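Q: Sequence plus the predicted model coming up.
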Amino acid sequence: MDTPILKLDHIVKSFGSFRAVDDLCLDIGKGEIFALLGPSGCGKSTTLRQIAGLDQPDSGEILLNDKPLFSSTRNMFVAAQKRNMGMVFQSYAIWPHLTVFETVAYPLQVRNQSQAEIREAVNAIIKLVGLEGVENRPAPMLSGGQQQRVALARALVYKPDVLLLDEPFSNLDKQLREQMRGELKLLQRRVGVTVILVTHDQEEALSLSDRIAVMNAGKVEQVGSPLELYENPATPFVRDFIGHTTRIAAKVQQLRDGVAEITIGDSSVTLRSSAPALHDHVGKSVLACIRPEHIRVGSAAVGTDNVVEGTVETLLFLGDRYECWLRIANEMVVAYAARRERLTEGQRVKVHFPREELSLWPN
């Protein structure tokens, strides 16, 4: 990353005895989509509000283009309206008594721009977000997707340095959510604005973001690209929060040439893992973890290495695949199976665990 456009340095924010943000440090690059991802109460929205200037940290520094917006050591705090940041709230906060044009124009009016400048800028951003033809409609007459486009246009019309999005898709149905995610990413690529997205939806963060900070209890657990977080989680929290993880109770029997041999549960059913091994866990209990899509069931379970038998306990049809609950040596294992397998409940099947996808974690 080049010099970050936004830097958060040891930010702390407490509400009474509760520490909502705990010594948070982040560097956000110019032009990237950066997500703050985590469960409710993890501190992500509080962090966004401090970036926006709606809340003031207790300590630390926030710098935009190397200029302090907040500094506890220098006793500095720049008000929200002076930060040149756009924000789209979860509720969109669109005024019902204004038309689309008037809503989008409002930020330029308070900046005392001329009528000609306002007209040119508003028409340009309305075209960019696909709202041509509805400029004179009041907000209540718009659909949810159109209202979101109005909120985006209003936030972008004055060319902010950073666009802040607080759970922007939570009020939309699933199909519209997916459509708006694609539209937002295309829009961001055209405009080039830096985006900070707050969400609890892992699919949203993975599909939209260049990088993600996974937050838990006011702290950052890991920062990385979506692929990095998915394939190489640094902590158990990230492993279980990003995507779906099948966890199997196991015991390490031996390590040899970088390969760990484990037994499932209390059984003698043996699997092998070539993922980085826990060298101090021979003879100890561990969790063997694997993504459900990496487990091969039925005819896909080819070869002789790491193939065991299991019983199909139940099947959940997901449209493009089955979610298959398997019992293997008294352990319940969740895998995804292709529709073509035509599995049935109670069926005995072969199950393949690719050794390079099977990671071991302390239990």
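A: It's in. Numbering: from 1, shown residues only.
Q: surely Glu341 meets Arg296?
A: No - judged on CB atoms under 8 Å, Glu341 makes no contact with Arg296 at a distance of 10.0 Å. (Glycine included, C-beta is placed from N, CA and C.)
Q: what sits in contact with each of these two?
A: Taking CB atoms under 8 Å, 6 or more residues apart in numbering as the contact rule, Glu341 and Arg296 touch no residue in common.
Q: which SS state does Phe34 fall under?
A: strand (DSSP: H, G, I helix; E, B strand; the rest coil).
Q: Contact partners for it?
A: Leu26, Ile28, Thr194, Val195, Ile196, Leu197, Ser209, Asp210, Arg211, Ile212, Ala213.
Q: who does it bridge with?
A: Beta bridges link Phe34 to Ile196, Arg211 when assigned by DSSP bridges.
Q: So that it lines up with my notes, have the first residue be 37 from now on.
A: Yes, from this point I'll number from 37; that puts the last item at Phe70.
Q: For it, give its distance to Arg190.
A: According to CB to CB, to the nearest Å, Phe70 and Arg190 sit 21 Å apart.
Q: so where's the protein uncertain?
A: 37-38, 128, 312-313 (pLDDT under 70).
Q: Leu396: what's it in contact with?
A: Per CB under 8 Å, 6+ apart, neighbours of Leu396: 286, 288, 296, 298, 309, 311, 313-314, 317, 322-325.
Q: ok, now how distant is the closest residue to Asn172 other than its chain neighbours from Val186?
A: In space, and not counting its chain neighbours, Asn172 is closest to Thr135: 5.1 Å by CB to CB, 6 or more residues apart in numbering. In this view, Thr135 and Val186 are 10 Å apart by CB to CB.
Q: joint contacts of the two?
A: Counting by CB under 8 Å, 6+ apart, the shared contacts of Thr135 and Val186 are Ala175.
Q: For the two, indicate the residue with more neighbours.
A: Neighbour count, other CB atoms under 10 Å: between Thr135 and Val186, Val186 has more, with 26 against 17.
Q: thought the more buried one was touching Arg173?
A: No - judged on CB under 8 Å, Val186 makes no contact with Arg173 at a distance of 9.7 Å.
Q: Return every residue with contacts to both of these two.
A: Going by CB under 8 Å, 6+ apart, residues that sit against Val186 and also against Arg173 are Val136.
Q: rewinding a little: return a PyMOL selection command for the buried portion of the contacts of Phe70.
A: Only the buried entries of those go into this PyMOL selection, using 16 or more other CB atoms under 10 Å:
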select buried, resi 62+64+230+231+232+233+245+247+248+249
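Q: Name the helix or strand for the residue minimising distance to the centre of the chain, please.
A: Closest residue to the average C-alpha location of the chain: Ala241 at 2.7 Å, with CA atoms, centre = their mean. Taking DSSP states H and E as the criterion, the element that holds Ala241 is helix 238-244.
Q: Only alpha carbons, please: show that helix as PDB.
A: Extracted in PDB, the C-alpha atoms of helix 238-244 (Å, rounded to 0.1, in the frame of the first residue of the first chain):
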ATOM      1  CA  GLN A 238     -19.700 -11.800   5.600                       C
ATOM      2  CA  GLU A 239     -20.900 -12.400   2.100                       C
ATOM      3  CA  GLU A 240     -21.300  -8.600   1.600                       C
ATOM      4  CA  ALA A 241     -17.800  -8.000   2.900                       C
ATOM      5  CA  LEU A 242     -16.200 -10.800   0.900                       C
ATOM      6  CA  SER A 243     -17.800  -9.800  -2.400                       C
ATOM      7  CA  LEU A 244     -17.300  -6.100  -2.200                       C
END
